[in-house]
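Q: need a 3D model of the following:
(2 chains)
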Amino acid sequence: MDNIFYDSLDLLFTLDSYLLEIIGLSLYVSFSALIISITISLPIASLLSIKKFVGKDFITIVFNSLMSLPPVAVGVILYILISYNGPFGNLELLYTPAAMIIAQTILVVPIIVSLSKDSIDNCLNYYQDYFLSINANFISIMKTILWEVRYKLLTNILAGLGRALSEVGAIIIVGGNIDHLTRVMTTSIVLETSRGNLAKALGLGISLILIALIINIALSLIKNKELERNGEY
Amino acid sequence: MENISLNFKKVSFAYKKRQILRDIDIKLSKTGMCVIYGDNGAGKTTLLRLMAGFLQPENGYITYCKNLRPSFIFQKPVLLRRSIEDNLLHALMVNNNMSRFSALPKVKNILSKYDLTDLSKEYAFNLSGGQQQMISIVRALIIEPNIIFCDEPTSNLDTKNKILVEDLLKEKSYLSKIVLITQNGNQSKKMADEVYELENCKLNKVAKI
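A: Purely as a prediction, here's the structure:
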């Protein structure tokens, strides 16, 4: 057991090229999915909070429910859609990083939408009359509120990133876990564990935890620095 | 509607089956100070929000003159989590559809006029409650309104600032319409051109003494 642990640390400290390649692809896929998710989610959350329209409550409930989408179900449905005989087969997305990005985006969007809508709702209640008094339109309100709740949004986005980084079910189906093409940290851990290469699996696991920690710590430091500058901390 | 800024005709409003206002008739001129007083829960804030267009009446109708530029001063300051200067810029840029470049000189000008230049970069939430309320009043004025709705604007101010604000609003009332709601009936009669009492869902004009 001790050997497995020391071997895994050795892989990390020697910057094993296999490890670096997998980490690089993981970060590329997850951050791409996150950026796309943020671009889609924040306007949707703003719309659901600020605008009044028929079906608003129903759509909110749907997004809340989609937060617990089973990843393998997403994987299977996406697989059927993008497989060579599927309706989007001609796009040749199956077993590519693009397919993995799509899968992760589908899983992350409901999380960011639901959590951000709550943050925006609270802020809107406080500033509602102010916006009415200055005849603010939807775009002005959205821009103002998103800036006002930026720290809460950061927490929501980190939750989305966590979801993306730890995803394995959907991406193993649509990505195929192909060496040097679609193999990421989580799918590698599954593979190496099944092969009995526990040192590699543990090394990848530790990398995943370290990456999540580093990102969280970095963003917390930036946030606290700005709060301190504004006298809020 | 030549000399009238706002006209209420038989306006009624209820909230969750509780009647707040019934058959309110009022015509507001384009200048002067109109004070409306009443007890807690009488419906003063509701009346003001109807006047400002934040609410729609159940019955009756409200008409406004052309080119009405309203502004609202809230009972509690509602400032954004940014500097004083940015708070004023935000209101001016959004309400008056101005760029930051063209709005900044106006902001600096008004801060200088009310001796607030030293506080311009100060974060809004670092100020005292009284200072925040002063800033929110300045913010209401910077958009150059011709009618200002004031919801008990001095209730959280000390005596010195209370007098300052009342003098400021009185000065503004020579060229704009000020509609001020308050609980203090006696004080209001001193500075008002017209006084109304809101009681039992009805608005009654009160003679100034």
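Q: what's the least confident helix or strand in chain B by mean pLDDT packed up against?
A: Across the helices and strands of chain B, mean confidence by mean pLDDT, DSSP states H and E is lowest for helix B:185-191: a mean of 72. Using 3 or more C-beta pairs under 8 Å, 6 or more residues apart in numbering or on different chains; DSSP states H and E as the contact criterion, the elements in contact with helix B:185-191 are strand B:32-37, helix B:159-172, strand B:194-199. To be clear about C-beta, it is placed using only N, CA and C from the backbone, and glycine gets the same treatment.
Q: run the contact check for the host helix or strand of A:Ile112 versus chain B.
A: In the assignment (DSSP states H and E), A:Ile112 maps to helix A:97-133. Yes - using C-beta under 8 Å from any C-beta of the partner chain, helix A:97-133 reaches chain B at A:Tyr126, A:Tyr127, A:Asp129, A:Tyr130, A:Leu132, A:Ser133.
Q: tally of neighbours for the nearest residue in space to the fifth one that is not next to it in sequence?
A: Okay, so that is A:Leu132. Once flanking residues are discounted, A:Leu132 sits nearest to B:Phe54: 4.9 Å by C-beta to C-beta, 6 or more residues apart in numbering or on different chains. B:Phe54: 16 surrounding residues under other C-beta atoms under 10 Å in any protein chain shown.
Q: confirm that B:Phe54 sits in a helix.
A: No - judged by DSSP: H, G, I helix; E, B strand; the rest coil, B:Phe54 forms no part of a helix; its state is coil.
Q: and it, what does it touch?
A: For B:Phe54, the contact set (C-beta atoms under 8 Å, 6 or more residues apart in numbering or on different chains) comprises A:Asp129, A:Leu132, A:Ser133.
Q: quick one: low-confidence parts of chain A?
A: By pLDDT under 70, the weakly predicted segments of chain A are A:1-2, A:230-233.
Q: after the strand or helix carrying B:Ile135, next one along is what?
A: Assessed by DSSP H and E, B:Ile135 sits inside helix B:129-142. Going down the chain from helix B:129-142, the next helix or strand is strand B:147-151, by DSSP H and E.
Q: which residues are contacting that following strand?
A: Under the contact criterion C-beta under 8 Å, 6+ apart, strand B:147-151 has outside partners B:5-6, B:28, B:30, B:44-45, B:48, B:51-52, B:68-75, B:140-141, B:169, B:172, B:176-181.
Q: so is the helix or strand A:Ser49 falls within next to chain B?
A: Element membership for A:Ser49, per DSSP H and E: helix A:17-50. No - Helix A:17-50 lies apart from chain B when judged by C-beta under 8 Å from any C-beta; the minimum separation is 14.3 Å.
Q: for the helix or strand in which B:Val94 is found, give me every contacting residue.
A: Element membership for B:Val94, per DSSP H and E: helix B:84-95. Under the contact criterion C-beta under 8 Å, 6+ apart, helix B:84-95 has outside partners A:134-136, A:140, A:144, B:79-80, B:82, B:98-100, B:103-104, B:106-108, B:110-111, B:116, B:119-122, B:124, B:127, B:135, B:138-140, B:142-143.
Q: try stretch A:34-42
A: So stretch A:34-42 is contacted by A:101, A:104-105, A:108-109, A:112-113, A:116, A:146, A:153, A:157, A:160-161, A:164 (C-beta under 8 Å, 6+ apart).
Q: return the set of buried residues in that stretch.
A: A:Leu34, A:Ile36, A:Ser37, A:Ile38, A:Ser41, A:Leu42 (16 or more other C-beta atoms under 10 Å in any protein chain shown).
Q: what of stretch B:198-207?
A: B:Leu198, B:Cys201, B:Leu203, B:Val206.
Q: ditto for stretch B:22-35
A: For stretch B:22-35, burial by neighbour count (16+ other C-beta under 10 Å) applies to B:Arg22, B:Ile24, B:Ile26, B:Leu28, B:Lys30, B:Thr31, B:Gly32, B:Met33, B:Cys34, B:Val35.
Q: please apply the same query to stretch A:159-178.
A: A:159-165, A:167-177.
Q: export it as PDB, just CAs?
A: Only the C-alpha atoms of stretch A:159-178 are listed here, as PDB (Å, rounded to 0.1, in the frame of the first residue of the first chain):
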ATOM      1  CA  ALA A 159     -19.800  24.200  -8.200                       C
ATOM      2  CA  GLY A 160     -20.200  23.800 -12.000                       C
ATOM      3  CA  LEU A 161     -16.500  23.300 -12.500                       C
ATOM      4  CA  GLY A 162     -16.500  20.700  -9.800                       C
ATOM      5  CA  ARG A 163     -19.200  18.900 -11.600                       C
ATOM      6  CA  ALA A 164     -17.400  19.100 -14.900                       C
ATOM      7  CA  LEU A 165     -14.000  18.000 -13.500                       C
ATOM      8  CA  SER A 166     -15.400  15.000 -11.700                       C
ATOM      9  CA  GLU A 167     -17.600  13.800 -14.600                       C
ATOM     10  CA  VAL A 168     -17.000  10.300 -15.800                       C
ATOM     11  CA  GLY A 169     -20.200   8.500 -16.800                       C
ATOM     12  CA  ALA A 170     -21.300  10.600 -19.800                       C
ATOM     13  CA  ILE A 171     -17.800  11.300 -21.100                       C
ATOM     14  CA  ILE A 172     -16.800   7.700 -21.100                       C
ATOM     15  CA  ILE A 173     -19.800   6.800 -23.300                       C
ATOM     16  CA  VAL A 174     -19.400   9.700 -25.800                       C
ATOM     17  CA  GLY A 175     -15.600  10.000 -25.600                       C
ATOM     18  CA  GLY A 176     -14.700   6.300 -25.600                       C
ATOM     19  CA  ASN A 177     -11.700   6.900 -23.300                       C
ATOM     20  CA  ILE A 178      -9.300   6.600 -26.300                       C
END
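Q: for B:Pro70, what are phi and psi?
A: phi -80, psi 160 (degrees, to the nearest 10).
Q: can you count the residues close to residue 116?
A: Unless you meant another one, I'm taking chain A. Residue neighbour count, defined by other C-beta under 10 Å, stands at 27 for A:Ser116.
Q: try chain B instead
A: 18.
Q: what sits against it?
A: The neighbourhood of B:Leu116, defined by C-beta under 8 Å, 6+ apart, consists of B:Ile84, B:Met134, B:Ile135, B:Val138.
Q: determine which two of those are furthest apart.
A: Every pair in the contacts of B:Leu116 was compared (C-beta to C-beta); the two farthest apart turn out to be B:Ile84 and B:Met134, at 9.8 Å.
Q: chain neighbours aside, what residue packs nearest to residue 71?
A: Using chain A. For A:Pro71, the spatially nearest residue (C-beta to C-beta, 6+ apart) is A:Gly169, at 3.5 Å.
Q: actually, chain B is the one I wanted.
A: For B:Ser71, the spatially nearest residue (C-beta to C-beta, 6+ apart) is B:Pro145, at 3.5 Å.
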